[in-house]
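**Student:** Provide a 3D model corresponding to the input given below.
(4 chains)
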Amino acid sequence: MINKTVSNVEKACEGIKDSMTLMLGGFGLSGIPENAINELVKRNVQDVTCISNNAGVDDFGLGLLLRKHQIKKMVSSYVGENKEFERQMLSGEMEVELIPQGTLAQRCQAAQSGIPAFFTPAGYGTEVAEGKETREFDGKMYVMERAFKADFAFIKAWKGDEAGNLIFKGTARNFNANMCGAAKITVAEVEELVPAGELDPNQIHIPGIFVQRIFQGKDYEKRIEQRTVRPKK
Amino acid sequence: MINKTVSNVEKACEGIKDSMTLMLGGFGLSGIPENAINELVKRNVQDVTCISNNAGVDDFGLGLLLRKHQIKKMVSSYVGENKEFERQMLSGEMEVELIPQGTLAQRCQAAQSGIPAFFTPAGYGTEVAEGKETREFDGKMYVMERAFKADFAFIKAWKGDEAGNLIFKGTARNFNANMCGAAKITVAEVEELVPAGELDPNQIHIPGIFVQRIFQGKDYEKRIEQRTVRPKK
Amino acid sequence: MSLSKEQIAQRIAKEVKDGYYVNLGIGIPTLVANFVRDDIQVEFQSENGILGMGPFPFEGEEDPDLINAGKQTITALPGASFFDSAMSFSMIRGQHVDLTILGSMEVAQNGNIANWKIPGKMVKGMGGAMDLVASAENIIVAMMHTNRAGNSKLLKECTLPLTGVECVRKIVTNLAVLEVKDNAFHLLERAPGVSIDEIKEATEGDLIVNGDIPEMKF
Amino acid sequence: MSLSKEQIAQRIAKEVKDGYYVNLGIGIPTLVANFVRDDIQVEFQSENGILGMGPFPFEGEEDPDLINAGKQTITALPGASFFDSAMSFSMIRGQHVDLTILGSMEVAQNGNIANWKIPGKMVKGMGGAMDLVASAENIIVAMMHTNRAGNSKLLKECTLPLTGVECVRKIVTNLAVLEVKDNAFHLLERAPGVSIDEIKEATEGDLIVNGDIPEMKF
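**Tutor:** As a prediction, the model looks like this:
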């Protein structure tokens, strides 16, 4: 077993520098790497490019980095729910690249898998395909998309072990799984860190080979963005 | 819940015709769809093309179809361990296309994922790349490979539920997982079929949407190809 | 009588057949789940990573790790499964999802759809819409027939940036059910009490009216 | 003295560093696992779908659902994981595996490797070898210096169909340890008691001998 544990988020983020490209897992506020985001704010790294499906809300998630003007560019599929984001985008303070959600996921997956490029039908005939190679396969048109390149991937899992093996919970798996191993260094924070051998090898979603550093996260808020309920009968 | 269960292997194989292209899961003899293979032998379908990492042994697995001359073409990465295979291949009775194992897996995965083509470094500069498009990305050469097209995928899982959700065991997962949803009709046979709701939705390897028919398999032999052991201390 | 949003959803629910996996967009499409017959087998997929999505949780049972693509707390039904984003779009791109229902700002008579961007305004992003419309064999658009300014949303050509090309099969609006084929809108049903003239008036694109057009049934 | 297969494996084991994920081919490479120091952290990957592969099972504990790429029954160590074939080759193609050790029939001085096919003979297939050699940053070939006919396997150019191009970094044979760079074989170490002349004699490709060449240590 190759031990990937580091003692805390400070150690986990060693080597982070200004102008790096960072991947951050999560969908909306679900499954975001809360500890790593707080550490990025604390370190005040500047001019980072963030690849993340969403951009958080004004006072939580990536909104915390936005508020401090740390983000040079966002690469996302959906960035609503954030007034400061809107302001920085419309004023030109921040660059935004919007790409289809499935393409975003597959570009992460391709980076994890050593596949430099693939074809997808998403975005064909739209401005998303502008400047990109398009091609017909079996009578249907596709756009060629490239694997992402990133310096760090910050992801959050439910359980993890010392070997870096990860298990996610519910829909908090989302981009977290696909970003593992998709950057030079993958940092995983987990709600529960256990010794190697405690997780069933059959139930591991992401093997530790895709993770360089893992640590026991703390103080999770796990904020709910849209609380929708039914009355109890 | 959409119920995918069929009562037996005969029902599961309805619609199989001569000259079809079939995917079969398994690595060596581990995780092969034993029930479906027996049914294919029984039905005596002719001139099938089989996409399968291996070709079984003389008296088990795909060797059973070989023996009856049912296979027109094998698409595999490794076909040793089979004398009748060797005879049919050298005599020209059967066509064989050998492709790198990772490319085989990814061509299945691409079919499952609606990705018509992707680039891989495997086989560049070798006869595998002959007649294929090659291209440089970031200073390295890659070969463009296409998604497979198949009529049926026969796969074997450990547990499954009525909704077609699947859980595999150990290294018997192999190509079985990647072939699900990679053919027009995916037929899953399982060692244990349970009602919907009995499997933890977090531990499902392959969601039922990728499976058209599922049935309770029987009489599994699960033969071991290379029994290697240590003496008990 | 022009339909309410609930009635549009109710009419679309009739398009949901036994054995369908369905992806519902935000807005009117979300309401469709409430009207699907309970004697057929249907599963709802949400692209953030669940198949077999159930209703909202009971008060106090919300789980931040269990949401839909609209970021709403949800539940999982028996037979549900969770998966990552790449696998979710494998279901969509690989055409394993049978029916996609989504809203739109514009639809053109060739099936083009524009529903993600208004130049000059804040752009929130396309989310999974471009993947969905480029992939699905069966796409139904749920929308009002005209926009707030009273202009038709069923056009000869889209004026807004496109989300996808030649993909919309059917449209259900507050006025009508229409099929999109042969570069025209084909009127299939009228909302109860709505005349063909009213529909013609509200449709900028070419409208084909063949024979008697029945009123919708719910 | 020419090395035994076990000694080749033993020498290669010294190339396995702390923190390495390693893929071992069939034959001599498989033996390497027996000689890796037990005070370093190493995990073995087998491309059929296991990371953290352990030794053979005790008699009676064999599991047909737990094999390696050579189809041998194996065990899983604490911290192991199982996965599908596509993910397995994501590890390989994505260069997450640090070291690949495999056998070969021929290696050329430009790093080309040929180890899967002899024209006119039964071809068993390349298995995962083409993926491994096209992907790995660090490839060590374990083989005898000459074939059964006594001909060199370290050549100016491969004569057999290639498995991969310009990929081999290091070779450990029964006679020597060699680095492959700048279109030549660079002699690094001699097997104990083997002379430089013997190695020259057995090497068809260009052999660079710089300064004193030490004997191997194990």
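**Student:** all contacts plus neighbour counts: C-alpha atoms, from now on.
**Tutor:** Will do.
**Student:** isn't C:Y20 right up against C:I40?
**Tutor:** No: look at C:Y20 against C:I40 with C-alpha atoms under 8 Å: they stay out of range, at 9.1 Å.
**Student:** now do the lowest-mean-pLDDT helix or strand in chain C: which elements does it pack against?
**Tutor:** Lowest on mean pLDDT, DSSP states H and E among the helices and strands of chain C sits helix C:28-32, with a mean of 93. Judged by 3 or more C-alpha pairs under 8 Å, 6 or more residues apart in numbering or on different chains; DSSP states H and E, the packing partners of helix C:28-32 are helix C:5-13, strand C:99-102.
**Student:** nearest to chain B, of those?
**Tutor:** With C-alpha to the nearest C-alpha, the closest approach to chain B among the helices and strands packed on helix C:28-32 belongs to strand C:99-102: 12.8 Å.
**Student:** that closest one near chain A at all?
**Tutor:** No: counting by C-alpha under 8 Å from any C-alpha of the partner chain, chain A is not contacted by strand C:99-102; separation bottoms out at 14.4 Å.
**Student:** got the buried residues for that strand?
**Tutor:** For strand C:99-102, a neighbour-count test (16 or more other C-alpha atoms under 10 Å in any protein chain shown) marks C:99-102 as buried.
**Student:** quick one, helices of chain A?
**Tutor:** A:9-12, A:34-43, A:63-67, A:83-91, A:101-113, A:174-179 (DSSP state H).
**Student:** again, but for chain C
**Tutor:** C:5-13, C:28-32, C:85-93, C:129-135, C:196-202.
**Student:** next one: the shortest one to chain centre, how far?
**Tutor:** Going back to what we said before, that points to helix C:28-32. Using C-alpha atoms, centre = their mean, to the nearest Å, the mean C-alpha position of helix C:28-32 is found 8 Å from that of the whole chain.
**Student:** now tell me which helix or strand of chain A has the poorest mean pLDDT.
**Tutor:** helix A:83-91 (a mean of 88).
**Student:** what residues does chain A put near chain D?
**Tutor:** A:1-3, A:111-115, A:161-163, A:165, A:181, A:196-204, A:207, A:209-210.
**Student:** could you pick out which of the residues you listed are near chain B?
**Tutor:** A:114-115, A:201-203.
**Student:** could you dump those residues to JSON lines with pLDDT and distance to B:G123?
**Tutor:** What follows is those, written out as JSON lines (pLDDT from 0 to 100; distance: C-alpha to C-alpha, whole Å):
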{"residue": "A:G114", "pLDDT": "98", "distance to B:G123": "14"}
{"residue": "A:I115", "pLDDT": "98", "distance to B:G123": "14"}
{"residue": "A:P201", "pLDDT": "98", "distance to B:G123": "31"}
{"residue": "A:N202", "pLDDT": "98", "distance to B:G123": "31"}
{"residue": "A:Q203", "pLDDT": "98", "distance to B:G123": "32"}
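**Student:** would JSON lines of the residues you listed with distance to B:E145 and neighbour count be doable?
**Tutor:** Converted to JSON lines, those look like this (distance: C-alpha to C-alpha, whole Å; neighbours: other C-alpha atoms under 10 Å in any protein chain shown):
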{"residue": "A:G114", "distance to B:E145": "14", "neighbour count": "23"}
{"residue": "A:I115", "distance to B:E145": "11", "neighbour count": "21"}
{"residue": "A:P201", "distance to B:E145": "31", "neighbour count": "24"}
{"residue": "A:N202", "distance to B:E145": "30", "neighbour count": "19"}
{"residue": "A:Q203", "distance to B:E145": "31", "neighbour count": "22"}
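**Student:** save these as CSV, and put in distance to B:R223 too.
**Tutor:** Shown next, in CSV, are those (distance: C-alpha to C-alpha, whole Å):
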residue, distance to B:R223
A:G114, 34
A:I115, 35
A:P201, 23
A:N202, 21
A:Q203, 24
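**Student:** which among those gets closest to chain C?
**Tutor:** A:Q203 (12.6 Å).
**Student:** and the gap between that closest one and A:N165?
**Tutor:** A:Q203 sits at a distance of 10 Å from A:N165 (criterion: C-alpha to C-alpha, to the nearest Å).
**Student:** find residues that contact each of those two.
**Tutor:** D:S81 (C-alpha atoms under 8 Å, 6 or more residues apart in numbering or on different chains).
**Student:** what pLDDT does C:P119 get?
**Tutor:** On pLDDT, C:P119 comes in at 89.
**Student:** tell me the contacts of it?
**Tutor:** Per C-alpha under 8 Å, 6+ apart, neighbours of C:P119: C:160-161.
**Student:** quick one: neighbours of C:I74, just the number.
**Tutor:** Counted with other C-alpha atoms under 10 Å in any protein chain shown, the neighbours of C:I74 add up to 25.
**Student:** burial of A:F154, as a residue count?
**Tutor:** Neighbours of A:F154 under the rule other C-alpha under 10 Å: 29.
**Student:** what score does it have for pLDDT?
**Tutor:** 98.
**Student:** isn't it right up against A:E34?
**Tutor:** No: the criterion here is C-alpha under 8 Å, and A:F154 misses it with A:E34 at 9.4 Å.
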